[in-house]
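A.B. asks: Build me a structure from this.
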Amino acid sequence: MSATVTSRARSFATRRFLAVIGAACVSLSAVTGLADAVRASAAAEATVVLDRNHTDALSVRYENDALVLKTRADLDSGPGRILDPAQVLFHVTDELKDTVPDLPAFSFLGEAGAPIWRISQTYQPGVLWAGWETESLPRGVFASEQVRIRLQEISGPGRVELFVNEVQGPRRLLSSTDASLRTITENVGAHTHANWVFTAAGTHTFTFVAEADLVDGRAIRSEPQTYTFLVGAPDPQPSQTPAPQPSSAVTDPGRPDPTPSPTESDPGQPSPIPSPSATVVPSPTASPAPTDSVTPEPAPTPVDPTVAPERSLPAPDPAALTDGSRGGVTVSSPTVAPGATVTVTTTTAPASHWVSPWLLSAPVDLGWKQVNDEGAFTVAIPPDTAVGAHRIVVRDTTAALVGWTEIDVVAAEAAVEECVPTPVTTTVRPENVDVATGGHFDFGPVREGGTLRALIKDDRSAPAPWVDPATLVFHLPDAAAVQVPGGQFDFLGSGQVWQIPLTQQPDVPWLGWNTQHPSVAGRAQGPVTLTLDGLEGPGELAVYSVNSWGQLGARYFGTVSGFPRSTSIEVGPSGVHVHGIWAFTQPGAYHADLTFAGTIDGERVTATSTLTFFVGAGDPRSAVREQTVTTYVGRTASGAECELSLAATGPADPQSTTDLASLAGAALVVGLAFLGASALAPRRRT
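C.D. replies: Residues are numbered from 1 along each chain as shown. Okay, the predicted model is just below:
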């Protein structure tokens, strides 16, 4: 059993804890411990506190041919922000306090009635909702399209269990007491939420690594990353955090000592972290060391890549711009005129990070730029730039090279014409529809100009395009069929139902809904309503959730008895992301007419689309309705075809360009306007 307090944990140590150490500094070892604690405290300039956010606590990423563990969170500044886990504190507040249910299936959590703190598998407004994701990982790189998330070490005052609810009961994923539950095998492109249960208040730390086998047979592994969870209500005094109590130390490959029971003498005092979302908490200031102690050397100030630096970087060293370092960035046009604007897209710089682009030959600083969700930013070529070959060089906030590429500056008459999105009307037929048999999707409102549209965010590729539902058929095969459990779920009838489950499965499309598009999040006045206007199909539909104990949760909408037709969706600064169970009572083709309605930018707007499902065995394309849609393709002013860059797609309004850039699909689809819904009257509306 390890009694070592890690340097990361010490960065959250309380002033009271530091004072105790200072009083004990009568030996050299105590002085050394204090010096280490002070250095750790100084290193963590600020902590982002996540206490009411949707977060993928573990975000598995592939950068520079290596696996990296980060955190992705929906903040007030926008959804999907990438954070350094070393500067994040996940706060499990007392709003999440619960007791172990008196159900045999959950006996692994302890005695019935014992207090616990629980992050729910399903979304609950106003509290922490934590999961993990592999959505940005490229396909075709990893064997079996899978990665492994391995728990190396865990410490804290109590036990920790992670599990998901399934029809058959809970399925355990990770445990601080069971050495066989240390690894989660996850598919590429997945986004998962689970129940996190803590049996004691205090600070818990998890150290994870990500592992994978490449398709060429090589094994790769990330650097270890530590995540800190504070459980319980804060103390009256701000900026203090308890030191974690020793628990179990898990060493790879994972045969740890059992986690000890929490002691009654010192269960650990909760940290007084403020409650607002994504609060930035200054690091605690250590008490002055005794006069005979060793004065620690100041630690270097860490650089936050999501904050714009105050000073420019020095000019790049041309000697570093070798053929081996070429790449990493692309430009929207290989030739530009002086004074023109060009879009630069990076392959490695995460969204919201700041980068420093320069134009060479003569070094010209193009100013700090923030990378958007598509990995892109725009720069203006100075009007006095000489005609000839130049290089665009991009570095991050630490001056590390992101990449470089060549660009030719030519006379205005010789420059390549700008590629602009141009609407093209096409017809969707069974042979060209996309049958979705797996992957993560979200149905959501997107405001384009003065129009609200109901589109599908398709996370099967990165960046995820928003596409028209008319181009998709969601296929629920017989593998999606489950036996109706009865009891609270008798609204489903008896026998089998076919369902999109609450957790992602590789052979079933995982459909949810969100209000996170930049054109909606932070711009809505009040919630957005999602209404099931009508359903055509051989059976009924129920969309609902279950709680952490497998019992019926929210009834979102449906056609079965006792279900509403509408659900209210929060928006707020960053929007929300919700998943429920979609249960169909009979096999066959279904068409669900769904409408979003809300007030955005002060205007009441609505958008309706039809979602198409094919349930059970058969040809999913038989459910397709032939209809007219609008796609956007690249055209120059003279009408010549060109390839749209991801950042160039969207409306001409420059303010909206960044917001709607994610509507691009691969290099073609910005979004598909659904024009034929009025002619598609359902045969049966319930």
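A.B. asks: mind showing which ranges of the protein have poor pLDDT?
C.D. replies: Within the chain, the segments meeting pLDDT under 70 span 1-46, 167, 234-303, 324, 374, 413-422, 449-450, 462, 631-686.
A.B. asks: need the strands for the stretch 301-450 of the chain, in chain order.
C.D. replies: 329-331, 335-336, 341-346, 354-360, 364-365, 369-370, 376-380, 388-396, 401-409, 420-428, 434-436, 440-448 (DSSP state E, counting those that start in this stretch).
A.B. asks: Any chance you could list what contacts the first one?
C.D. replies: Where contact means C-beta atoms under 8 Å, 6 or more residues apart in numbering, the residues beyond strand 329-331 that reach it are 342-347, 392, 394, 402-405, 407, 645. Yep, even glycine has a C-beta here, placed from its N, CA and C like the rest.
A.B. asks: In that strand, which of the residues would be classed as buried?
C.D. replies: Across strand 329-331, burial judged by 16 or more other C-beta atoms under 10 Å covers 329-331.
A.B. asks: next one: that strand to chain centre, how far?
C.D. replies: 25 Å (C-alpha atoms, centre = their mean, to the nearest Å).
A.B. asks: Direction included, what does that strand pair up with?
C.D. replies: Sheet pairing of strand 329-331 (DSSP bridges) gives strand 341-346 (antiparallel).
A.B. asks: Identify each buried residue in the strand it pairs with, please.
C.D. replies: Result for strand 341-346 [16+ other C-beta under 10 Å]: buried residues 342-346.
A.B. asks: now stretch 306-321
C.D. replies: Neighbour counts using 16+ other C-beta under 10 Å place 306, 313, 316, 321 of stretch 306-321 among the buried residues.
A.B. asks: cool, and stretch 347-355?
C.D. replies: Of all the residues in stretch 347-355, those buried under the rule 16+ other C-beta under 10 Å are 348-355.
A.B. asks: Return the closest of those with respect to residue 516.
C.D. replies: Using C-beta to C-beta, residue 351 is the member of those that sits closest to residue 516, with 12.9 Å.
A.B. asks: I figured that closest one was touching residue 372, is that so?
C.D. replies: Yes. The pair residue 351 / residue 372 is scored as a contact, 6.3 Å apart, by C-beta atoms under 8 Å.
A.B. asks: Present the buried residues of strand 341-346 as JSON lines; the columns should include distance to residue 456.
C.D. replies: As requested, those are exported to JSON lines (distance: C-beta to C-beta, whole Å):
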{"residue": "342", "distance to residue 456": "31"}
{"residue": "343", "distance to residue 456": "25"}
{"residue": "344", "distance to residue 456": "29"}
{"residue": "345", "distance to residue 456": "24"}
{"residue": "346", "distance to residue 456": "26"}
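A.B. asks: nearest to residue 384, of those?
C.D. replies: Within these, the smallest distance to residue 384 is 16.1 Å, found for residue 342 (C-beta to C-beta).
A.B. asks: And for the spatially closest residue to residue 143 that is not a sequence neighbour, the neighbour number?
C.D. replies: What sits nearest to residue 143 in space, not counting adjacent residues and going by C-beta to C-beta, 6 or more residues apart in numbering, is residue 213, at 4.1 Å. As a burial measure, residue 213 scores 15 neighbours (other C-beta atoms under 10 Å).
A.B. asks: Likewise for residue 222?
C.D. replies: 22.
A.B. asks: Next: residue 495.
C.D. replies: By other C-beta under 10 Å, 10 other residues sit near residue 495.
A.B. asks: Give me the phi and psi for it.
C.D. replies: Reported as degrees, to the nearest 10, the phi and psi values for residue 495 are phi 80, psi -140.
A.B. asks: which of the buried residues of stretch 306-321 lies closest to residue 384?
C.D. replies: Residue 384 lies nearest to residue 316 out of the buried residues of stretch 306-321, by C-beta to C-beta, at 19.9 Å.
A.B. asks: I appreciate the help and will end here.
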